[in-house]
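S.K.: Mind looking at a prediction? Sequence and model below.
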Amino acid sequence: MIDWLALQTPAFRAGIDLVVIDPSAPYAGGIRTALPDARIAVDKWHLVALANLMVTQVRQRITRNCTAAAAPPPTKSGPAGNCCSPATSTSP
């Protein structure tokens, strides 16, 4: 990419205001080097894919934490809660 941009005229490179890329550090670094004044944006597909990945990782972590946590034994005031269900108390 940098090599191709280097082959272009300075006027061509100066006319590039925005570059849309996938969120790769090498791509971003190359753009910053070759086109220091250009803004960089992440394409929608990769943005949504990353957001979905993050939501999935958080959901899986919460599920693991909730299912791995042993619920404490019930007390006189009622069953104890865990991270997935609030503690409730029962009236005698």
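M.R.: Structure's in. What do you need? Numbering: from 1, shown residues only.

S.K.: all helices of this protein, in order?
M.R.: Assigned by DSSP state H, the helices in the chain fall at 2-7, 10-14, 25-34, 44-68.

S.K.: Just say which of the ones you listed is most tucked in.
M.R.: Highest mean neighbour count among the helices of the chain (mean count of other Cβ atoms under 10 Å): helix 25-34, with a mean of 13. Where C-beta positions appear, they are placed from N, C-alpha and C, glycine not excepted.

S.K.: so for that helix, what's the average pLDDT?
M.R.: Averaged over helix 25-34, pLDDT sits at 91.

S.K.: Just list what that helix packs against, helices and strands only.
M.R.: helix 2-7, strand 18-21, strand 39-42 (3 or more Cβ pairs under 8 Å, 6 or more residues apart in numbering; DSSP states H and E).

S.K.: related to what we said a few turns ago, out of the helices of the chain, point me to the one whose mean pLDDT is lowest.
M.R.: For the helices of the chain, the weakest mean pLDDT is recorded on helix 2-7, namely a mean of 88.
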